[in-house]
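A.B. asks: Provide a 3D model corresponding to the input given below.
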Amino acid sequence: MDSAEAAVHVDNVLMDREFDSQHILEMISQHDLSYVVPKRM
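C.D. replies: Presented below is the predicted three-dimensional model:
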């Protein structure tokens, strides 16, 4: 996340379902970012 933010301005994160984990969501929240992830079926 830090390397992405160093290269570009990040406001929102669009993720695939495979990244839908508590660890990833906590990291995104720590960076004060919004995120969208498809709902699991």
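A.B. asks: When you work out contacts or count neighbours from here on, use the C-alpha atoms and nothing else.
C.D. replies: Fine.
A.B. asks: helices or strands next to the longest helix anywhere in the chain in the packing?
C.D. replies: Once the chain is assigned using DSSP state H, the helix that runs over the most residues is helix 22-30. Applying 3 or more CA pairs under 8 Å, 6 or more residues apart in numbering; DSSP states H and E, we find helix 22-30 packed against no helix or strand.
A.B. asks: CA atoms only: put that helix into CSV for me.
C.D. replies: Presented in CSV, the C-alpha positions along helix 22-30 are these (Å, rounded to 0.1, in the frame of the first residue of the first chain):
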residue,chain,number,x,y,z
GLN,A,22,-10.0,-8.9,8.0
HIS,A,23,-6.2,-8.2,7.7
ILE,A,24,-6.5,-6.5,4.3
LEU,A,25,-9.6,-4.4,5.4
GLU,A,26,-7.8,-3.3,8.6
MET,A,27,-4.8,-2.2,6.6
ILE,A,28,-7.0,-0.2,4.2
SER,A,29,-8.8,1.4,7.1
GLN,A,30,-5.5,2.4,8.7
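A.B. asks: What is whatever helix or strand comes next after that helix packed up against?
C.D. replies: For helix 22-30, the following helix or strand on the C-terminal side (DSSP states H and E) is strand 34-36. Using 3+ CA pairs under 8 Å, 6+ apart, the elements in contact with strand 34-36 are strand 12-14.
A.B. asks: returning to that earlier point: in the longest helix of the chain, what's buried?
C.D. replies: Neighbour-count burial for helix 22-30 flags Ile28 (criterion: 16 or more other CA atoms under 10 Å).
A.B. asks: Okay then, goodbye and thanks.
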